[in-house]
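1. build the 3D model from these lines:
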Amino acid sequence: MRKLLIDTDTASDDAVAIMMAHSWTDVQVVAITIVNGNVSVEQGLKNALYTLETSKATTPVYVGCKKPILRKSNYAEWFHGKDGMGNMYYPDSHIKPKMSHATDAIIDLLKTYPDEITLVTLGPLTNIALALSRAPEIASLVPRCVVMGGSANTVGNVTPAAEYNIWVDPEAAKVVFHSGMPIEMVGWELSRYTAALTSTEIDMIEAFGTDKSLLAVNSNRFSFEASRKLQESGV
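-> Next up is the predicted model:
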């Protein structure tokens, strides 16, 4: 089994990623850790737990950092809605989070499964940076770190240069990118234009009529429109 640890500021796109990770039979998600980003950690937690319940998964969830290392929070309501889920305001889940802090869980799990866990970051890198600052030796225990963030060869989606996840906490990003972990950066350029779903594809997914397909489509309608406007403006 491939082991993943997913660090997320759970909004609608991350919810789809979480559902996809739990759909692969050869993948074990050992934990989900919540970070401040698209929404507050409290809202991100609520979104993650609802997504897990929809996926019929029992993955442990840990709450992490409530703000960037040095900066104020800058939520992405303009792209994901006030609740991060396209203003769908899904109900509370029956699943409860673990009591340990996310950074403790990250350190403990990487030490428990050295060289086995692929670290997947879907939001700002605050939790990961704090874990590395507390236990820098864990960098050598990560065989692969996949970072959703950055804009390598395109304009950013927040400023002409910056992609949101890095822009929210650049100090954390510096710590992570200089940690020595083998990082694969999946930048904003890979989320644009032909990478986006077409209206026909969205309708096809919605027609599946499952709880997961409806969550994927409905929670992202707001961001579909926001993304369309961004790309029409040339951003």
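
2. and Ala162, backbone torsions?
-> Phi and psi for Ala162, reported as degrees, to the nearest 10, are phi -110, psi 140.

3. what count of nearby residues applies to it?
-> Residues near Ala162, counting by other CB atoms under 10 Å, number 18. (Each C-beta comes from the backbone N, C-alpha and C, glycine too.)

4. how about Cys65?
-> Neighbourhood size, Cys65 [other CB under 10 Å]: 25.

5. who's in contact with the closest residue to it other than its chain neighbours?
-> Excluding its sequence neighbours, the residue lying closest to Cys65 (CB to CB, 6 or more residues apart in numbering) is Thr126, at 4.3 Å. Contact analysis of Thr126 by CB atoms under 8 Å, 6 or more residues apart in numbering lists Val35, Asn36, Gly64, Cys65, Lys67, Pro68, Ile69, Asp169, Ala172.

6. go with 7 Å
-> Residues counted as contacts of Thr126 (CB atoms under 7 Å, 6 or more residues apart in numbering) are Val35, Asn36, Cys65, Pro68, Ile69, Asp169, Ala172.

7. ok, so of those residues, who is nearest Gly81?
-> Asn36 (16.8 Å; CB to CB).

8. residue nearest the centroid of the protein?
-> Centroid check for the chain by CA atoms, centre = their mean gives Leu122 as the closest residue, at 2.6 Å.

9. shaky segments in this protein?
-> Within the chain, the segments meeting pLDDT under 70 span 230-235.

10. 80 - rerun?
-> Where the chain drops to pLDDT under 80, the residues are 154, 191-196, 226-235.

11. can you map out the strands along the chain?
-> All strands of the chain, identified by DSSP state E, fall at 2-8, 27-34, 61-63, 117-121, 144-148, 183-186.

12. reformat these as a markdown table; add mean neighbour count.
-> Converted to a markdown table, the strands of the chain look like this (neighbours: other CB atoms under 10 Å):
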| stretch | mean neighbour count |
| --- | --- |
| strand 2-8 | 23 |
| strand 27-34 | 23 |
| strand 61-63 | 23 |
| strand 117-121 | 23 |
| strand 144-148 | 20 |
| strand 183-186 | 15 |
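
13. quick one: list the elements packing against the longest helix belonging to the chain.
-> Looking across the chain with DSSP state H, the single longest helix is helix 41-54. Judged by 3 or more CB pairs under 7 Å, 6 or more residues apart in numbering; DSSP states H and E, the packing partners of helix 41-54 are helix 12-21, strand 27-34, strand 61-63, helix 211-218.
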